[in-house]
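Colleague: Below are the sequence and a predicted model for it; my questions follow.
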Amino acid sequence: DQQVKQNSPSLSVQEGRISILNCDYTNSMFDYFLWYKKYPAEGPTFLISISSIKDKNEDGRFTVFLNKSAKHLSLHIVPSQPGDSAVYFCAASERGRDDKIIFGKGTRLHILP
Amino acid sequence: GAVVSQHPSRVICKSGTSVKIECRSLDFQATTMFWYRQFPKQSLMLMATSNEGSKATYEQGVEKDKFLINHASLTLSTLTVTSAHPEDSSFYICSAKLRNTEAFFGQGTRLTVV
């Protein structure tokens, strides 16, 4: 059973526009959510996180929104830049339990010139 | 951010041999280290969680005797793939974290078993 779901395998966005990546989760015990960016043949790089006590966290061009009632989070990138082209993984964990980070399958973002 | 170094980045080994992959947290002491495996075009699959000085906790379906994990210190964890087979060929990634912080990932190791 997949606990973290990213239903869009890929997304194409024009440079300068907003990229919105979505993620759903099923485990209501998750209390910490993260987004990672990954280039081919490299390890994931941490982008931004959000605790379940918040509904929004912003860091530069990246904003993560959390809707706990819907068990949904999203990552907004604005404005999108060519270097943002990568695979983005949504992840979640139960920090009070075992700190295991569970990943979604990822969404490949293409920024179009 | 914190640095996690994984070595080697690529390794090719013969079927039946064992391969060891190291994961080091360079500028912090990690309370927990995780090992993941990524199949082509798929997500990162958690294989096991290791805490320093204790036995690793393996995820369901991961063979403990095949994927030996040792977490000898707060800065070093190793994954040994024993008696490797071609189906073990994959991209293996470690991560390290302190409690209540985000995890930092190594660069990954591309294992090819021929």
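Modeller: On my side now, so go ahead. Residues are numbered from 1 along each chain as shown, chains lettered A, B, ... in the order given.
Colleague: contact partners of the lowest-mean-pLDDT helix or strand in chain A?
Modeller: Using mean pLDDT, DSSP states H and E, the weakest-scoring helix or strand in chain A turns out to be strand A:101-103, at a mean of 89. With Cβ atoms under 8 Å, 6 or more residues apart in numbering or on different chains as the test, strand A:101-103 has contacts from A:3-4, A:27, A:30, A:34, A:36, A:89-93, B:34, B:36, B:43-44, B:46, B:95, B:103. Where you see a C-beta, it was placed from the backbone N, CA and C, and this is true even at glycine.
Colleague: The residue most central in space within chain B - nearest residue in space that isn't next to it in sequence?
Modeller: Nearest to the geometric centre of chain B sits residue B:35, at 3.7 Å (Cα atoms, centre = their mean). Counting by Cβ to Cβ, 6 or more residues apart in numbering or on different chains, residue B:47 is the residue found nearest to residue B:35 once chain neighbours are left out, at 4.6 Å.
Colleague: dump the residue contacts of residue A:72.
Modeller: A:22-25, A:66.
Colleague: which parts of chain A sit against chain B?
Modeller: A:34, A:36, A:41-46, A:49, A:89, A:95, A:98-106 (Cβ under 8 Å from any Cβ of the partner chain).
Colleague: can you rerun that using 6 Å?
Modeller: A:34, A:42-44, A:46, A:49, A:95, A:99-101, A:103, A:105-106 (Cβ under 6 Å from any Cβ of the partner chain).
Colleague: on that earlier part again, selecting buried members of the contacts of strand A:101-103 in ChimeraX, what would you type?
Modeller: For the buried members of the contacts of strand A:101-103, the matching ChimeraX selection, counting by 16 or more other Cβ atoms under 10 Å in any protein chain shown, is:
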select /A:4,30,34,36,89,90,91,92,93 /B:34,36,43,44,46,95,103
